[in-house]
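K.L.:
could you look at this predicted model? Sequence included:
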Amino acid sequence: MPEGHTLHRLAGQLSAAFSGQVVRASSPQGRFADAVHVDGTRLLDATSAGKHLFVEFEGDLFVHVHLGLIGKFDVHAGAAPPPVGQVRLRLTVPTAYADLRGATQCDLVSRDRRDTIVGALGPDPLRPGADPMRAWSRISRSHRPIGDLLMDQAVLAGVGNVYRAEILFRHRMHPLRPGRTLRVSQFRAMWEDLVELMGTGVQTGRIDTVHTEHTPEVMGRPPRVDDHGGEVYVYRRAGQACHVCGSRIRTEPLQGRNLFWCPGCQPRFRSRAVK
DNA sequence: CCTCTATGGCGAA
DNA sequence: TCGCCCTAGAGGC
């Protein structure tokens, strides 16, 4: 379930449940032996940057977590029951516990290492004061498709396959359009939209992108629940009718990930005739 | 039971 | 571009 909003939300949940407390840390599954180094120490804070999560403990130690495609980090209230399944890391206090499963990364790192990881990321729409022009300087000079650039964490941090598909739809932009053909006003509008959409995602824990005027009630469609739990225009809707124009949603892999777009609402870009 | 898929990202070829 | 890592759930037989 991990795009940037998931990690941001998780940082808030972990902070609320554990900040300032001495916590027990263990690896029931055994694949994070370094848990012993923070076990019984005070957890100071949890923060996120793009899709990275950092849990800070006293002594300048950070547990760096990247959920990858299938990872989960569930925070629960109450006393911890015996672990179920492959629990990589469990954090426990008397009033709460959190279980990490399936992460691609769970490492103990130094402050320097954390700063290096964060420094390699592009601006994060969820970070107050993030500078979108840092992303624009890359996009505006690139021949790569905008759909590719949006997923590049060094260009823009936190956007994954769902937000990519949906932001491009909302801005009527074909995913294969070269970055350098965008106007700055178009990029700015997309950035502002991401700030709002991802902010909502942090609050709700899901990705909803459908404008009020296109909701099932307004459009006279039956209500539906998408597999990923949010209301969307094109993500994973290949072959189905576009909620706006009725065209069949298309899909095609790009760099190993599936693009989704509406051929009616997101026409293929044609470069302006020169002269 | 098996196979497939998934909101990611890495490194080898 | 491909294979691979991580885990759980859904669907087919």
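P.N.:
Cool, the structure landed. Numbers count the residues shown, from 1 in each chain, chains lettered A, B, ... in the order given.
K.L.:
okay, now the residue of the stretch 101-250 of chain A found nearest DNA strand C: neighbour count?
P.N.:
Of all residues in the stretch 101-250 of chain A, the one sitting closest to DNA strand C is A:G102 (3.1 Å; C-beta to the nearest atom of the strand). Where C-beta positions appear, they are placed from N, C-alpha and C, glycine not excepted. Summarising burial for A:G102: neighbours were counted as other C-beta atoms under 10 Å, giving 16.
K.L.:
quick one: it and A:F73 touch, right?
P.N.:
No: using C-beta atoms under 8 Å, A:G102 and A:F73 do not qualify as a contacting pair, with a distance of 9.4 Å.
K.L.:
what do these two both touch?
P.N.:
Shared contacts of A:G102 and A:F73, defined by C-beta atoms under 8 Å, 6 or more residues apart in numbering, comprise A:L67.
K.L.:
per-residue pLDDT, the residue lying closest to A:A33 once chain neighbours are set aside?
P.N.:
Here the nearest residue to A:A33 in space, its sequence neighbours aside, is A:S27; by C-beta to C-beta, 6 or more residues apart in numbering that works out to 6.4 Å. pLDDT recorded at A:S27 is 96.
K.L.:
list the residues that contact the closest residue to A:K72 other than its chain neighbours.
P.N.:
With C-beta to C-beta, 6+ apart as the criterion, A:K72 has its nearest non-adjacent residue at 5.1 Å, and that residue is A:R101. Applying C-beta under 8 Å, 6+ apart, one finds that A:R101 lies in contact with A:G71, A:K72, A:F73, A:D74, A:G85, A:Q86, A:V87, A:R88.
K.L.:
repeat that for 7 Å
P.N.:
Applying C-beta atoms under 7 Å, 6 or more residues apart in numbering, we find A:R101 in contact with A:G71, A:K72, A:G85, A:Q86, A:V87, A:R88.
K.L.:
which residue packs closest to A:T251, ignoring adjacent ones?
P.N.:
Once its chain neighbours are removed from consideration, A:T251 has its nearest residue in A:A238; the separation is 3.8 Å (C-beta to C-beta, 6+ apart).
K.L.:
let me see the contact set for the residue of the stretch 101-250 of chain A closest to DNA strand C.
P.N.:
A:G102 is in contact with A:I70, A:G71, A:K72, counting by C-beta under 7 Å, 6+ apart.
K.L.:
number of residues surrounding the residue in the stretch 151-275 of chain A that DNA strand B sits nearest to?
P.N.:
The shortest separation between the stretch 151-275 of chain A and DNA strand B is 2.1 Å, found at A:G160 (distances taken as C-beta to the nearest atom of the strand). A:G160 sits with 21 neighbouring residues when counted by other C-beta under 10 Å.
K.L.:
now do the closest residue in space to it that isn't next to it in sequence against A:F54, distance only.
P.N.:
The spatially closest residue to A:G160, leaving aside those adjacent along the chain, is A:E3, at 3.6 Å (C-beta to C-beta, 6+ apart). From A:E3 across to A:F54, the span is 17 Å (C-beta to C-beta, to the nearest Å).
K.L.:
and stretch A:251-269, how far out from the chain's middle?
P.N.:
Remark: stretch A:251-269 is offset 19 Å from the chain centroid, using C-alpha atoms, centre = their mean, to the nearest Å.
K.L.:
any bit of that stretch sitting next to DNA strand B?
P.N.:
Yes: in terms of C-beta under 7 Å from any atom of the strand, part of stretch A:251-269 sits within range of DNA strand B, namely A:G256, A:R257, A:N258.
K.L.:
over to stretch A:114-122?
P.N.:
No: legend: contact between stretch A:114-122 and DNA strand B by C-beta under 7 Å from any atom of the strand is lacking; minimum distance shown is 8.3 Å.
K.L.:
CA atoms only: put that stretch into CSV for me.
P.N.:
Output in CSV follows, covering the C-alpha atoms of stretch A:114-122 (Å, rounded to 0.1, in the frame of the first residue of the first chain):
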residue,chain,number,x,y,z
ARG,A,114,19.8,9.2,6.6
ASP,A,115,20.8,12.6,5.3
THR,A,116,22.4,11.0,2.3
ILE,A,117,19.2,9.1,1.5
VAL,A,118,17.0,12.1,1.9
GLY,A,119,19.4,14.3,-0.1
ALA,A,120,19.1,12.0,-3.1
LEU,A,121,15.4,12.5,-3.4
GLY,A,122,13.5,15.1,-5.4
